[in-house]
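Engineer: Could you look at this predicted model? Sequence included:
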Protein chains: 2
Amino acid sequence: MRTLFLLGASLAAVAAVSRPATAVDEGMWLFNKPPAKELQERYGFEVTPEFLEHLQLSCVRFSTGGSGSFVSGQGLVMTNHHVGSEMIAKLSTNERDLLADGFTAQRMSEELACPDLELDCLWSIEDVTARVNADVKPEMSTGQALAARRAAMAAIEAEAKAKTGLKPEIVTLYQGGQYHLYQYKNYKDVRLVFAPEKQAAFFGGDPDNFEFPRFNLDCCFFRVYEDGKPIQPRHWLKWNEEGAKDGDLVFVAGHPGSTERAYTMAHLEFLRDVRLPFGLAGLWRTEVWLKTFSDRSEEWRRIAEDDLFGVQNSRKALTGRLAGLQDPVLWERKADAERKLRAAVAANPDWQAKWGGAWDEIAAAQNAYRAYYHRFSALGGGSLNLGSELAGVAKTLVRIADEKQKPNGERLREYSDAALESLEFQLFSPAPVYPDLEAHRLTMRLSQMAEVLGGSDPAVVAALAGKSPRARAEELIGGTKLADIAERKRLYEGGKAAIDASNDPLIGLVKALDAESRSLRKRWEDEVQSVERNAYAKIAAANFAVYGDSVYPDATFTLRLSYGKIAGYEENGRRVPAFTNLGGLYQRAAERKEQYPFEVPASWAKAKRKLDLDVPFDFVSTCDIIGGNSGSPTVDRHGAVVGLIFDGNIQSLAWDIAFDEVQGRAVSVDARAMIETFRKVYGANALADELLRKSPPRS
Amino acid sequence: MRTLFLLGASLAAVAAVSRPATAVDEGMWLFNKPPAKELQERYGFEVTPEFLEHLQLSCVRFSTGGSGSFVSGQGLVMTNHHVGSEMIAKLSTNERDLLADGFTAQRMSEELACPDLELDCLWSIEDVTARVNADVKPEMSTGQALAARRAAMAAIEAEAKAKTGLKPEIVTLYQGGQYHLYQYKNYKDVRLVFAPEKQAAFFGGDPDNFEFPRFNLDCCFFRVYEDGKPIQPRHWLKWNEEGAKDGDLVFVAGHPGSTERAYTMAHLEFLRDVRLPFGLAGLWRTEVWLKTFSDRSEEWRRIAEDDLFGVQNSRKALTGRLAGLQDPVLWERKADAERKLRAAVAANPDWQAKWGGAWDEIAAAQNAYRAYYHRFSALGGGSLNLGSELAGVAKTLVRIADEKQKPNGERLREYSDAALESLEFQLFSPAPVYPDLEAHRLTMRLSQMAEVLGGSDPAVVAALAGKSPRARAEELIGGTKLADIAERKRLYEGGKAAIDASNDPLIGLVKALDAESRSLRKRWEDEVQSVERNAYAKIAAANFAVYGDSVYPDATFTLRLSYGKIAGYEENGRRVPAFTNLGGLYQRAAERKEQYPFEVPASWAKAKRKLDLDVPFDFVSTCDIIGGNSGSPTVDRHGAVVGLIFDGNIQSLAWDIAFDEVQGRAVSVDARAMIETFRKVYGANALADELLRKSPPRS
């Protein structure tokens, strides 16, 4: 499970206010608004400021789209293998396939520096709602209001950055109900310490993904450096060597990517009938294209492997999400909740006057969006995503040159001054780029563009320049110089003049498409995004008025706290126990005759006799998570690690829309399985010792 | 390669008049209008009536969507493994996996009777254009004209069947330019004689499909019985033991499924921008759904294997076809040809008055069709295809009960009296049905319906009946009794009264959808099909007037003759030789480290020492073929077998739109490879002897 970044969908992702939590372990709570009452009532647990601060400062967010945590005083970070796999792939070559073989640094000097991984640790939170809205006047259109807020946000972020040096990010909560300034400590020197082979991390592959029982060692470890030395974080999580047991209260602290629990019915209808079908079709397309590419040679399989995994993972997640939306029972439950809230608002004339129109405003916005959603998406959405790394570089270079001509407050959000440091880090990444894969992906996107827009559409004609998608993509990738980082720097530093003068073919492609892409983005901002912000702010207010304070916002890929208990469930009349054990992997492999992807990893076959097969391996809990929570620590009442979130089961996939703990569960690797296998399968005793504070790591 | 039957697309498949053949080996010629002049001029070959009759009566058409030929005096039929694989799968069980293991009958008593395979041998051809058009009056709308023709066709077919007992089929050629009555000898007792294991037939799998060089023994053999005894066909093909060599003239006689070479530009645009994108999206969806199903268990892999292969094969073919349409160079070539023909027509006022409007009429029809194409297709198209075998049974039962209430001439074509014999044979097939696969496929189709129509659409609400797609599909497949052939017979014989009284849930699903499906079909017939028939008849007349007699019609899954030479080609500056040899399989396997799907078949590993590795294996020729030609014999000047068509290369995939022999090639198994491996790998000496007329088969 990872954050799902769909074509064109990321910009449209909306974090809206949710229904109040019911008497279940529901909620992705803000650290500055924790579920104190619920925890007290349900578990007799008092959530203290110290507990929260310790957890918050121990957590990190991965730029690859997942979560993690500090687990030693020497900057050691734990996350999932599938959160680290993009880096593991980038650190691999045809001679050194770290995904296939795994990696263990026996000492710090052997750790491998990642080319473009950033970790963010949330340092502070401040409510800046009033400042963000200060320049919004009643007579403004929603589009004007959006521009006013954007200018304020850029100013606040620039000011914060100048003051603290931290990485600022204003988070839109309750979809416009509140704006909080999050400031992050940003780390860019991150090194790989340990990863098992993929066959152990992802045993059972796509067939068993999002299933339970599971037998996966889906972990890997990095270390954060500053000035060439491991950092010593103020807070880091201790390891609970005894682990947790059935029924125990546990917490998950991490970065859920996005949920749509507070969408209005009209908005959900757009999601069900327009956005998810288009997104899924794109995933099926990409999965088949990447699979056929991978099948052409062993080398191509390796270079496309992590991409293919990501696509399959998203496909399975979205399939479950859409299945939830297509279920008339769940649909009626959501409709009923909306009817109740609207009735409560309608019953109060003042409320009705202030907020009563919000639902219809959102419906009208969705309706307007239908007219150009497919076109906008096929052209790469608001970020002009053309599916190729190098085309992405070209896009960044063209857009930043234009945006830098404008005052900070008028720029596209992702090019504001506060965003430039990370932008440059990614733009100048030395990570390998594979021309064959690039050409294949670009062919696919050009072909998709022709399908969706029609082969005779002016944008398609301009993009293809008289060639077939395949011939054009090969010409573009063959002719561009953007694989060369020096060339990227030259164009970046040369600014608008350099871009105008460039005849790089990929720069040319972006120039040909950028005007329409920007114009569609503007239209979306004015007709959809700004209307939603406005209307959801009203609905948030209505929710607070009707249900009181105990409301958490939809996920926004920012730090949240979930809680729950370790608990199995019933499925098809069978009891599914909460824990699996190490022996289960061998049994599952035997059941499936060790056919791909159910082979026992070679290292595990060798170590079988030494292993204690009764050691708990993976377990499920009722903690409320979603894609983006991958890599989150699962901790006990004392904040010590008992597990590592890596997945949700099939029944949890509809949590995107509505939480339910009848069968839905979060899945963690058990802390005990890590120590047992680190020592007996991987000879990673230094790592185990560091986690258990038995000895410091060797340098 | 096989005939591509797409969702809803088969009905819309159009066979139109093509451009005249240029100075290349182009053309899928009618047996009653052979390319005599071209063959004489290009190869000095005189095509005699005897040559044609011998070939025609030696050929058969497979109901599974391919071609074949009689190759012995005892009713032995040769085709491709991938044409026979549907039957091979149906003859398999969890204990006897004939796809995985292959099959060799050492004597006739061991041959395995297929559950529902029909072979058709074309007995006679008669031009009935005048009779079909006899009742069409100038004042009729195109829809009325279509109905008048349909009534005439049903009458002609019924009369023919009463007279000869043969299976009649009126073929619409030049998309309405001509109507020919084809009468077939139909065979229903067909038994499996020999099939290699799939790993030998389909070595290299999806990655190497439609590629060359190739190393595939893609053949299998059946025997036709009547009254419990092998038939003795009047004509059958002899085996050329010496084989053919580079540069030799060869012929292919088979049943190309459909081409779109004579489509107008507006029609091609519809194909490029609407039909193919929707069809491909459906294939991606199905491929991913079947793959995830297959991955769940070994048993499920087996039962879905042939379906999955078919989908991957179609996906690759359509990808190539769409790539051709998206190529601006090919597009311009087609546009230029259309401009020239229209200019020639416009230059003659009489022609212009009679035919000049045809192109705009077709454009208007495509435009009208765009408004409901997706809805029509998602509801299963004209044949209400719901993606499940049992739902297909329900559909047939519901529709035949209604249709039988009408006079023969007013029925839907596929339920006319002349069609009932084959319909019953298929309806009462004892082939196994797998409930898990049925439920999975039906889930997929219900979900697709909800995506395309929207979850709140009345048709979707009716189909789902308050349940999620998964829950509803499981309820329908779990509750239906239509797996029981006796129940099918009871409902079939009980007619409308029995159907009205039935509360079988699948019958109920069909009843809920049938009215709209029929109404959309009627709309399509009136607004699109009938207009196309009319307009293409004009274009056909214009073509004959401008270019003379030498014009072949687009493919219609009826018997055609192609010719060409054995010849390699250049690719990326490399020479690709025309032949591969048996040793190449071992080399290719080694190159790909024997990873799936490149494993040397176990039987081949064992036999390697005995084999003559220099024996030619597969070869390419310039013969003009398309999906449906799979299993066609490749014969020499004397009509003797030198090979067996099984594929086209990637470059041939655009042949659907326009033939080109620069790189495009047809791929055959060499006759010599069959004999060599039958004897030395499979111990199938009886088969080899029968083919070489060394001894008759043992009973």
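Structural biologist: Sure thing, it's come through.

Engineer: so what's the residue in the stretch 1-150 of chain A that chain B sits nearest to up against?
Structural biologist: Nearest residue of the stretch 1-150 of chain A to chain B: A:A100, at 12.6 Å (CB to the nearest CB). Every residue, glycine included, has its C-beta placed from N, CA and C. By CB atoms under 8 Å, 6 or more residues apart in numbering or on different chains, the contact list for A:A100 reads A:197-199, A:302.

Engineer: Show me which parts of the helix or strand hosting it are buried, residue by residue.
Structural biologist: Per DSSP states H and E: A:A100 is located in helix A:98-101. By neighbour count with 16 or more other CB atoms under 10 Å in any protein chain shown, helix A:98-101 contains the buried residues A:98-99.

Engineer: C-terminal to that helix, what's the next element?
Structural biologist: Using DSSP H and E, the first helix or strand after helix A:98-101 is strand A:103-104.

Engineer: Skip ahead from that following strand and say which helix or strand is next.
Structural biologist: strand A:112-113.

Engineer: CA atoms of the helix or strand just after that following strand as CSV?
Structural biologist: Counting by DSSP H and E, the next helix or strand C-terminal to strand A:112-113 is strand A:119-127. Output of strand A:119-127 as CSV, limited to C-alpha atoms (Å, rounded to 0.1, in the frame of the first residue of the first chain):
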residue,chain,number,x,y,z
LEU,A,119,12.5,12.9,4.7
ASP,A,120,10.3,15.5,6.5
CYS,A,121,9.9,15.6,10.3
LEU,A,122,7.0,17.7,11.5
TRP,A,123,8.5,20.3,13.8
SER,A,124,5.5,22.6,14.5
ILE,A,125,1.9,23.3,13.8
GLU,A,126,0.2,26.7,13.8
ASP,A,127,-3.4,27.6,12.9
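
Engineer: could you give me the average pLDDT of the helix or strand just after strand A:119-127?
Structural biologist: Later in the chain than strand A:119-127, the nearest helix or strand by DSSP H and E is helix A:129-133. Throughout helix A:129-133, pLDDT has a mean value of 97.

Engineer: Just the buried residues of the next helix-or-strand element following helix A:129-133, please?
Structural biologist: Next along the chain after helix A:129-133, taking DSSP H and E as the criterion, comes helix A:142-164. By neighbour count on 16+ other CB under 10 Å, the buried set for helix A:142-164 is A:142-143, A:145-158, A:160-161.

Engineer: what's the offset of helix A:142-164 from the middle of its chain?
Structural biologist: Mean-position distance between helix A:142-164 and its chain equals 24 Å (CA atoms, centre = their mean, to the nearest Å).

Engineer: May I have that helix exported as CSV, CA atoms only?
Structural biologist: This file holds the C-alpha atoms of helix A:142-164, laid out as CSV (Å, rounded to 0.1, in the frame of the first residue of the first chain):
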residue,chain,number,x,y,z
THR,A,142,-14.7,32.1,-5.6
GLY,A,143,-11.8,32.3,-8.1
GLN,A,144,-10.7,35.7,-6.7
ALA,A,145,-11.0,34.4,-3.2
LEU,A,146,-8.7,31.5,-4.1
ALA,A,147,-6.1,33.8,-5.6
ALA,A,148,-6.2,36.0,-2.5
ARG,A,149,-5.7,33.0,-0.2
ARG,A,150,-2.9,31.7,-2.4
ALA,A,151,-1.1,35.0,-2.2
ALA,A,152,-1.5,35.0,1.6
MET,A,153,-0.3,31.4,1.8
ALA,A,154,2.8,32.1,-0.2
ALA,A,155,3.6,35.1,2.0
ILE,A,156,3.1,33.2,5.2
GLU,A,157,5.3,30.3,3.9
ALA,A,158,8.1,32.6,2.7
GLU,A,159,8.0,34.5,6.0
ALA,A,160,8.2,31.2,8.0
LYS,A,161,11.0,29.9,5.9
ALA,A,162,13.0,33.1,6.3
LYS,A,163,12.4,33.0,10.1
THR,A,164,13.1,29.3,10.9
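
Engineer: which helices and strands does it pack with?
Structural biologist: Under the contact criterion of 3 or more CB pairs under 8 Å, 6 or more residues apart in numbering or on different chains; DSSP states H and E, helix A:142-164 touches helix A:129-133, strand A:167-173, strand A:178-187, helix A:530-547.
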